[in-house]
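Engineer: Can you look at this prediction? I've put the sequence above it.
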Amino acid sequence: MTNNLVENAAENAAENATENATENATENATENPPTPLTLLGLGAMGTALAQAWLAGGHPLTVWNRTAARADALALRGAAVADTAAEAVAANRLVVVCLLDDASVAGALADADLTGKDVVNLVTSTPEQARARAAWAARRGARYLDGGIMAVPPMIGVPAAGPYVFYSGSSELFEEHRATLATPAGTRYVGEDAGYAALHDVALLSAMYGMFAGAAHAFALFRGEAVAPGRLAPLLSDYVTAMSGTIAGTAEQLESGDYTRGVVSNLAMQVAGKGTLLRTAEEQGVSAELLEPYFRLMERRLAVGSGEEGLTGVVDLLRR
Ligand SMILES: NC(=O)c1ccc[n+]([C@@H]2O[C@H](COP(=O)([O-])OP(=O)(O)OC[C@H]3O[C@@H](n4cnc5c(N)ncnc54)[C@H](OP(=O)(O)O)[C@@H]3O)[C@@H](O)[C@H]2O)c1
């Protein structure tokens, strides 16, 4: 989920906010001693999480398959375990930030999870998360799944707006809420362990739609007198303004009335297809990112009303 814009924004915010975050964490620490925890996985995201918990004064035990990645954290006070099982044994709260679901199964194969609180921040599918929750329950652990809505430079920088969706054991979440809130904001979305992943993947999917549209727009201007740097603020301002229509889509889906509040009807938008595709052709740009969406709009126009907006596309996507 790397994005230069987000990283730059996060870096700028980091300069202003790291000091405040550390000060707040220190103030809180005097009232409630920070909870000790274990973190498995010190890739880009795991390392950022570890740094935030250490900055917040949490006693931290870490483990990583490639041991050298723990060296810098050891210098900052982290205890380094030789094996994942040893790291799990060190604390009740165990946070996992490995690459994927398969690496979780492998790394924790020999660990005793009895009585542990496992928080799995690995990006996974809803079904993988539900299966992992059942796996944890069979092994005597409480389980919370998480989907991280941030890139590593945003972690520990509240002003950059990082947060994590959580779902699964509400008891675990409530008990460890303050600790989980140290690196990033927390949004609990339900007891169904698959819901954090579902929210995570839904937002990522929307993000890729936006990236696809921006890629097409930049491609249209390649070789023109307008530099990408001049197009960028126009694009981000317009995409931000158009995101205001998302709430209207939700209202139409909930009411079942897809003509409600429509100001840009489907018939008009489909009529504009030729202009967008011909412009791509004139500029020597493939329309492969744009065409599929227009095909869906045309299919909806064929079976729905031209007075609707774009909401009918949602129904066409359901298998
Ligand atoms: N980076 C982001 O922008 C971002 C944003 C949101 C969510 N996430 C999620 O956070 C998780 C970690 O991402 P990351 O950016 O930290 O990835 P990363 O930099 O590629 O690190 C992957 C981590 O997983 C470990 N690992 C991989 N395969 C393993 C295996 N078979 N057994 C044991 N350990 C294994 C690696 O250990 P070694 O050091 O030994 O290779 C490393 O600690 C992923 O699920 C990712 O989707 C990342």
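Structural biologist: Noted; the coordinates are in hand.

Engineer: Up against the ligand, what does the chain have?
Structural biologist: Residues of the chain that fall close to the ligand, judged by CB under 6 Å from any ligand atom: 1-2, 41-46, 64-66, 69, 97-100, 103, 106-107, 122-123, 148, 151-152. In short, each C-beta sits where N, CA and C put it, glycine included.

Engineer: Mind checking which of the residues you listed are in helices?
Structural biologist: 44-46, 103, 106-107 (DSSP state H).

Engineer: Please identify which pair of the residues you listed lies farthest apart.
Structural biologist: 44 and 106 (19.7 Å; CB to CB).

Engineer: and residue 268, what is it in contact with?
Structural biologist: Counting by CB atoms under 8 Å, 6 or more residues apart in numbering, residue 268 touches residue 306.

Engineer: Give the rounded mean pLDDT of the helix or strand harbouring it.
Structural biologist: Using DSSP states H and E, residue 268 maps to helix 266-271. The average pLDDT for helix 266-271 rounds to 97.

Engineer: which element follows that helix toward the C-terminus?
Structural biologist: That would be, after helix 266-271 and using DSSP H and E, helix 273-282.

Engineer: Convert the C-alpha atoms of that next one to CSV, please.
Structural biologist: The C-alpha coordinates for helix 273-282 follow below in CSV (Å, rounded to 0.1, in the frame of the first residue of the first chain):
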residue,chain,number,x,y,z
LYS,A,273,-18.2,7.4,-22.8
GLY,A,274,-17.3,8.1,-26.4
THR,A,275,-15.6,11.4,-25.4
LEU,A,276,-13.5,9.7,-22.7
LEU,A,277,-12.5,6.7,-24.9
ARG,A,278,-11.8,8.9,-28.0
THR,A,279,-9.6,11.2,-25.9
ALA,A,280,-7.6,8.2,-24.7
GLU,A,281,-7.2,7.1,-28.3
GLU,A,282,-6.2,10.6,-29.5
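
Engineer: Buried residues of that helix, list them for me.
Structural biologist: 273, 280 (16 or more other CB atoms under 10 Å).

Engineer: in the stretch 151-300 of the chain, which spans are helices?
Structural biologist: 170-175, 177-180, 195-221, 228-242, 246-255, 266-271, 273-282, 291-303 (DSSP state H, counting those that start in this stretch).

Engineer: Check those helices for me and report the most buried one.
Structural biologist: helix 177-180 (a mean of 18; mean count of other CB atoms under 10 Å).

Engineer: per-residue confidence for residue 292?
Structural biologist: 97.

Engineer: How much space separates it from residue 317?
Structural biologist: Distance of residue 292 to residue 317, given as CB to CB, to the nearest Å: 11 Å.

Engineer: do the same with residue 114
Structural biologist: Applying CB to CB to residue 114 and residue 317 gives a distance of 43 Å.

Engineer: domain assignment for the chain?
Structural biologist: The chain breaks down by automatic domain parsing into domains covering 4-198, 226-317.

Engineer: Report the buried residues of the helix or strand containing residue 86.
Structural biologist: Per DSSP H and E, residue 86 falls inside helix 84-90. Buried residues in helix 84-90, defined by neighbour count with 16+ other CB under 10 Å: 84-85, 87-88, 90.

Engineer: for the residues you listed, which one is nearest the ligand?
Structural biologist: residue 84 (7.7 Å; CB to the nearest ligand atom).

Engineer: neighbours around whichever residue of the stretch 1-150 of the chain sits closest to the ligand, how many?
Structural biologist: Nearest residue of the stretch 1-150 of the chain to the ligand (CB to the nearest ligand atom) works out as residue 43 at 1.8 Å. The tally of other residues near residue 43 (other CB atoms under 10 Å) stands at 15.

Engineer: ok, now the one 10 residues further on?
Structural biologist: When neighbours are defined as other CB under 10 Å, residue 53 has 27 of them.

Engineer: Secondary structure element holding it?
Structural biologist: helix 44-55.
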